[in-house]
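K.L.:
3D model of this:
(chains A and B)
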Amino acid sequence: AQSVTQPDIHITVSEGASLELRCNYSYGATPYLFWYVQSPGQGLQLLLKYFSGDTLVQGIKGFEAEFKRSQSSFNLRKPSVHWSDAAEYFCAVGSPTDSWGKLQFGAGTQVVVTP
Amino acid sequence: DAGVTQSPTHLIKTRGQQVTLRCSPKSGHDTVSWYQQALGQGPQFIFQYYEEEERQRGNFPDRFSGHQFPNYSSELNVNALLLGDSALYLCASSLLISYNEQFFGPGTRLTVL
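P.N.:
Residues are numbered from 1 along each chain as shown, chains lettered A, B, ... in the order given. Alright, predicted model coming up:
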């Protein structure tokens, strides 16, 4: 069965420190991969996406993600977090053969930023 | 340019009742998808509408139904509400030709008592 796993439910990081959020997927073929962020009371905002090509993807707000086919992973990173990065982060996958664009989300990782 | 808007923001219903949630897509978008996000979980795909027809459906019972209007706005209807239907309901809009660019609204928080 297809699945998206975010192993870390909750991560606490100090402001200015680096952040890495893990995402693993189980899929028949390489899916389309996405990272979204959700702040309290807000909808989901797309941070970045991977379809093909360069495996290191740059996104908004200083985030980047690396696709590793051998590990079925798409981890999100930020070199130096800001207090405003406190939010919930979701990894999502979509099928390249699905023209309608249905997304399957992981359970999310809650990020807390301490001073 | 307004993004995706949803109404109402919050809603409280009792078991067995029916509810209608509304979504206006981002200007220029022609496709609307609905997701259910239970507390502590990621969003789950309910269904998607394009050209006023349901095009794809997730693993949700027939109690969940929808509609898309000629102006691309959409409604989500849930009949015979259960306690387990309590969740944040998210609407996402996109252009059919642009798979990846789904823009999400702030959601409607539904509480079933």
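K.L.:
count of residues packed around residue 32?
P.N.:
Using chain A here. 19 (other Cβ atoms under 10 Å in any protein chain shown). C-betas here are computed from N, CA, C, even on glycine.
K.L.:
please refer instead to chain B.
P.N.:
29.
K.L.:
from residue A:27, how far out is it?
P.N.:
Distance check for residue B:32 against residue A:27: by Cβ to Cβ, to the nearest Å, it reads 25 Å.
K.L.:
could you do residue A:56 as well?
P.N.:
When residue A:56 is compared with residue A:27 (using Cβ to Cβ), they lie 20 Å apart.
K.L.:
what does residue B:50 give?
P.N.:
For residue B:50 relative to residue A:27 (Cβ to Cβ), the value is 24 Å.
K.L.:
what is the neighbour count of residue A:7?
P.N.:
Neighbours of residue A:7 (other Cβ under 10 Å): 11.
K.L.:
what about the nearest residue to it once chain neighbours are set aside, how many neighbours?
P.N.:
Spatial nearest neighbour of residue A:7, excluding adjacent residues (Cβ to Cβ, 6 or more residues apart in numbering or on different chains): residue A:22 at 5.2 Å. For residue A:22, the count of nearby residues is 17 (other Cβ under 10 Å).
K.L.:
and what of residue A:77?
P.N.:
Neighbours of residue A:77 using other Cβ under 10 Å come to 14.
K.L.:
dump the residue contacts of it.
P.N.:
A:18-21, A:63-66 (Cβ atoms under 8 Å, 6 or more residues apart in numbering or on different chains).
K.L.:
can you put these in CSV and add neighbour count?
P.N.:
As requested, the contacts of residue A:77 are exported to CSV (neighbours: other Cβ atoms under 10 Å in any protein chain shown):
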residue, neighbour count
A:18, 11
A:19, 19
A:20, 13
A:21, 23
A:63, 21
A:64, 16
A:65, 26
A:66, 16
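K.L.:
take these and keep only those in strands.
P.N.:
Residues of those located in strands (DSSP state E): A:19-21, A:64-66.
K.L.:
for stretch A:87-95, which outside residues touch it?
P.N.:
A:2, A:4, A:6, A:21, A:23, A:25, A:27, A:29, A:31-40, A:44, A:47, A:74, A:76, A:101-106, A:108-111, B:42-43, B:99-100.
K.L.:
repeat that with 6 Å
P.N.:
Stretch A:87-95 is contacted from outside by A:4, A:6, A:21, A:23, A:25, A:31-39, A:103-106, A:108-110, B:42, using Cβ atoms under 6 Å, 6 or more residues apart in numbering or on different chains.
K.L.:
which residue is nearest the middle of chain A?
P.N.:
residue A:35 (3.3 Å; Cα atoms, centre = their mean).
K.L.:
residue A:47 is in contact with that one, correct?
P.N.:
Yes - in this structure residue A:35 lies within contact range of residue A:47 using Cβ atoms under 6 Å: 4.4 Å.
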